[in-house]
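J.: structure of the sequence below:
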Amino acid sequence: MKSLKTLVSLSALVVCMGAASMANAYSFNPKVTGGTPFSGTGTLVAKSPTSNNLNVTCALSVTGSIDAAGNAQILTATPTGGGLCALPTITGLPWPVVPTGLSTVRVDNVGYNLPAVFPFPKSTCGLTSINGSFTPGASATLGFTNQPLAGSCTITSLNITTSGATITITNP
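T.: Numbers count the residues shown, from 1 in each chain. Presented below is the predicted three-dimensional model:
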């Protein structure tokens, strides 16, 4: 009887582990040896102690790549615009982009630093994982709303539209 309970427990564990690995089986396409490059542009709205916790809207340009295993990462992120948009130092790059479903993603290690702007203090924002939506296509989009970052910062919204490759998520 004891060996039957052990067998049942072991079988349940194997099934649960299999289900867990199936949940993580999402990957990006196209999968190309040497990587599939992409670029993107969009808008970042964020607040931090340096902005007196008021929203600041900046343009954002990114570059990235998808490897032969379907793993994606953002390699560069460059905010542009006037005022505080000219000051951030982006941290944590490259940012892994992890598909969590056919239309959802998580971006890891997102962060930026802003110098003190009298009378407001320096902001060290992140490194934090943020969760958002994904829409596939030749102009795939990533969208994030109200994502808190370490350091009392918030990404109020971040929207990026890619170009360069038709990007999809699959779950083989």
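
J.: can you tell me which residues contact Asn55?
T.: Contacts of Asn55 were listed using CB atoms under 8 Å, 6 or more residues apart in numbering, and they are 45-47, 156. In this view, the C-beta of every residue, glycine as well, is placed from N, C-alpha and C.

J.: from those, which two are the most distant?
T.: Val45 and Lys47 (8.0 Å; CB to CB).

J.: who touches both of the two?
T.: 55-56, 156.

J.: looking at these, which are in strands?
T.: Among those, the ones falling in strands (DSSP state E) are 56, 156.

J.: pretty sure Ala59 contacts Cys85?
T.: Yes: Ala59 is in contact with Cys85 according to CB atoms under 8 Å; the separation is 7.4 Å.

J.: who has more neighbours, these two?
T.: Neighbour count, other CB atoms under 10 Å: between Ala59 and Cys85, Cys85 has more, with 16 against 13.

J.: report the beta-bridge partners for the residue lying closest to Ile160 once chain neighbours are set aside.
T.: Distances taken as CB to CB, 6 or more residues apart in numbering put Gly42 closest to Ile160, at 3.8 Å, once the chain neighbours are dropped. Going by DSSP bridges, Gly42 is paired in beta bridges with Leu60, Ile160.

J.: for Gly42, what are its contacts?
T.: 59-60, 62, 142, 158-161.

J.: state the distance from it to Pro115.
T.: Distance, Gly42 to Pro115, using CB to CB, to the nearest Å: 24 Å.

J.: what residues does Asn113 make contact with?
T.: 88-89, 91, 122-125.

J.: related to what we said a few turns ago, wait, which of the shared contacts of Val45 and Lys47 is closest to Gly34?
T.: For the shared contacts of Val45 and Lys47, the nearest to Gly34 is Thr156 (36.5 Å; CB to CB).

J.: tell me the pLDDT of the residue nearest the centre of the chain.
T.: Nearest to the mean C-alpha position of the chain, by CA atoms, centre = their mean, lies Val107 at 1.8 Å. With respect to pLDDT, Val107 has a value of 98.
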